[in-house]
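Peer 1: Give me the fold of what follows.
(4 chains)
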Protein chains: 2
Amino acid sequence: MAARTRQRMIEGATRLLAVRGLQETSFSEVLHLTGAPRGSIYHHFPDGKDQLIAEAIDFAGARAVELIDSKAGSSAEEITRHFLEMWRQVLTRSDFRAGCSVLAVTIATDSGALLDRAATVFRTWRSHLAESLRAGGLSDDDARGFAAVLIAASEGAVALSRAERNLDPFDLVAGQLRKQVRELNEAQEPG
Amino acid sequence: MAARTRQRMIEGATRLLAVRGLQETSFSEVLHLTGAPRGSIYHHFPDGKDQLIAEAIDFAGARAVELIDSKAGSSAEEITRHFLEMWRQVLTRSDFRAGCSVLAVTIATDSGALLDRAATVFRTWRSHLAESLRAGGLSDDDARGFAAVLIAASEGAVALSRAERNLDPFDLVAGQLRKQVRELNEAQEPG
DNA sequence: GTCTATACGAAGATAGAC
DNA sequence: GTCTATCTTCGTATAGAC
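Peer 2: So this is what the prediction gives:
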């Protein structure tokens, strides 16, 4: 079960990043969480921790892209609602312990390679979201701008709710964002 | 220079949190950055690292509150512009290496006490900002909602620009936020 | 592919001299 | 208030057997 162990370690690292941050995402914790054998570490990830983290970033990035793309073809309001619901579930399912794995790396790493990886993920989210929003009724500029605001504000709102350990800040921000996309859409297609 | 050493350590920890995250804000790094003597650690912070971090959170929180309050009496647009400029300077002055100290702790800690401390800071920012925005022309609801969006989106936008190591994401988000507060204000005081 | 054993450094923390 | 010395734990990483 070579490939399986490897993939389980990546998913475990992704989860640990979201909940405990970069430094606490140690090999020991990943092994403990996944039950993977200790000998697997440098067999599957010969470049060590940075390689595991890089793959965790890519995995988290790709998973979110799938969720974004799954709503391609819907209205801008529906795309926004769905994106926010994804983050809301990250909070509620973890009892406010989890956040964004990619953000966790961005804030705690010194490695330019990992920063580049994180930047690629964020840029991919922005472009996929913007394209869907455009197809969902927004102008090019509004779609590009609102995609960036939606991602930035979601990341921040998740962090605020993690700190407070309740949904108040997140729901307040989410409500504002949904109102905003509605207004952008109405401005675009009056009547 | 007792009090001075203590304060220098707190400010050094605040800076390290912003640049390198919670785990890399070690005593060794704080001493190296501030030149404080090793014997000062448990003299000034008998409860150890958590105490130093807690004071760093409070310090970062209070410093930002001062900046927010310094614009009390201005228009909502001006308050927004100023708040965003504060974060923009965090990025440019650090060559995209620094972010928000309070966010860094929120994402990486297991300690409920530190989370509470961070939550208090975020709530304080929200309430001061909301009050200023209300005085600056927004309705109660708009002020409360936009304050939350402004903080959440700023935190997220700073992180996006740290990852990309350029101002594009931050400036895109900032432009949207400034447009939004302008619209809220016009809706409030038509004509 | 997986195992044990181990090297090496750095972390937080404590004790006791000065 | 500050010093050195030290304890303990944990991190990443490597070597070599199975």
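Peer 1: Could you check how far A:Gln7 is from DNA strand C?
Peer 2: 11 Å (CB to the nearest atom of the strand, to the nearest Å). In this view, the C-beta of every residue, glycine as well, is placed from N, C-alpha and C.
Peer 1: and the helix or strand hosting that residue with chain B, contact?
Peer 2: Per DSSP states H and E, A:Gln7 falls inside helix A:2-20. Yes: Helix A:2-20 comes into contact with chain B (CB under 8 Å from any CB of the partner chain), by way of A:Arg20.
Peer 1: The next helix or strand after that helix versus helix A:2-20: what angle between them?
Peer 2: Scanning forward in sequence from helix A:2-20 by DSSP H and E, the next helix or strand is helix A:27-34. Following axes from the mean of the first three to the mean of the last three CA atoms, to 10 degrees, one obtains 110 degrees for the angle between helix A:27-34 and helix A:2-20.
Peer 1: can you list the residues that contact helix A:27-34?
Peer 2: A:5, A:8-9, A:11-13, A:15-16, A:20, A:36-38, A:40-41, A:49, A:52 (CB atoms under 8 Å, 6 or more residues apart in numbering or on different chains).
Peer 1: hmm, 6 Å instead?
Peer 2: With CB atoms under 6 Å, 6 or more residues apart in numbering or on different chains as the test, helix A:27-34 has contacts from A:8-9, A:12-13, A:16, A:38, A:41.
Peer 1: Between those residues, which sits nearest A:Ala159?
Peer 2: Nearest to A:Ala159 among the contacts of helix A:27-34: A:Leu16, at 17.2 Å, using CB to CB.
Peer 1: Surely the closest one touches A:Thr25?
Peer 2: Yes: A:Leu16 lies in contact with A:Thr25 (CB atoms under 6 Å); the separation is 4.1 Å.
Peer 1: where are the low-confidence patches of chain A?
Peer 2: Of all residues in chain A, those with pLDDT under 70 make up the ranges A:1-2, A:191.
Peer 1: need the residues of it near chain B, please.
Peer 2: By CB under 6 Å from any CB of the partner chain, the residues of chain A that approach chain B are A:21, A:23, A:99, A:103-104, A:106-108, A:115, A:118-119, A:122, A:145, A:148-149, A:152-153, A:155-157, A:159-160, A:162-164, A:169, A:172-173, A:176.
Peer 1: Which one's more surrounded, A:Leu16 and A:Thr25?
Peer 2: The residue with more neighbours, out of A:Leu16 and A:Thr25, is A:Thr25; 26 against 23, by other CB atoms under 10 Å in any protein chain shown.
Peer 1: Next up, the contacts around that one.
Peer 2: Contacts of A:Thr25 by CB under 6 Å, 6+ apart are A:13, A:16-17.
Peer 1: Turn those into JSON lines, including distance to A:Pro190.
Peer 2: Listed next are those as JSON lines, based on distance: CB to CB, whole Å:
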{"residue": "A:Ala13", "distance to A:Pro190": "48"}
{"residue": "A:Leu16", "distance to A:Pro190": "49"}
{"residue": "A:Leu17", "distance to A:Pro190": "44"}
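Peer 1: which one of the contacts of helix A:27-34 has the most neighbours?
Peer 2: Within the contacts of helix A:27-34, most neighbours by other CB under 10 Å means A:Ala13, with 29 neighbours.
Peer 1: so how far is chain B from that residue?
Peer 2: 15 Å (CB to the nearest CB, to the nearest Å).
Peer 1: and the closest residue to that residue other than its chain neighbours, what is it in contact with?
Peer 2: Once flanking residues are discounted, A:Ala13 sits nearest to A:Ala56: 4.1 Å by CB to CB, 6 or more residues apart in numbering or on different chains. Residues counted as contacts of A:Ala56 (CB under 6 Å, 6+ apart) are A:10, A:13-14, A:17.
Peer 1: Compute the distance between A:Arg81 and A:Glu189, please.
Peer 2: Distance from A:Arg81 to A:Glu189, counting by CB to CB, to the nearest Å: 18 Å.
Peer 1: quick one: which of these two has more around it?
Peer 2: The neighbour count for A:Arg81 versus A:Glu189, taken as other CB under 10 Å, is higher for A:Arg81 (17 against 8).
Peer 1: is the host helix or strand of A:Leu115 anywhere near DNA strand D?
Peer 2: Counting by DSSP H and E, the element that carries A:Leu115 is helix A:112-135. No: with CB under 7 Å from any atom of the strand as the criterion, DNA strand D is not reached by helix A:112-135; the gap is at least 12.5 Å.
Peer 1: Tell me the helices and strands packed up against the next helix or strand after that helix.
Peer 2: Per DSSP H and E, the first helix or strand lying C-terminal to helix A:112-135 is helix A:140-164. Where contact means 3 or more CB pairs under 6 Å, 6 or more residues apart in numbering or on different chains; DSSP states H and E, helix A:140-164 is packed against helix A:76-93, helix A:112-135, helix A:168-188, helix B:101-108, helix B:112-135, helix B:140-164, helix B:168-188.
Peer 1: What residues sit buried inside helix A:140-164?
Peer 2: A:142-164 (16 or more other CB atoms under 10 Å in any protein chain shown).
Peer 1: Check stretch A:71-84 too.
Peer 2: Those would be A:71, A:74-77, A:79-81, A:83-84, for stretch A:71-84 by 16+ other CB under 10 Å.
Peer 1: Roughly how far does the closest residue to A:Leu17 other than its chain neighbours sit from chain B?
Peer 2: Setting aside the residues directly before and after it, A:Leu17 is nearest to A:Ser101 in space (CB to CB, 6+ apart), at 3.9 Å. To chain B, A:Ser101 is 10 Å away according to CB to the nearest CB.
Peer 1: any idea how far A:Val19 is from the closest residue to A:Arg38 other than its chain neighbours?
Peer 2: Nearest non-adjacent residue to A:Arg38, counting by CB to CB, 6+ apart: A:Leu31, 5.9 Å away. Noted for A:Leu31: a distance of 16 Å to A:Val19, by CB to CB.
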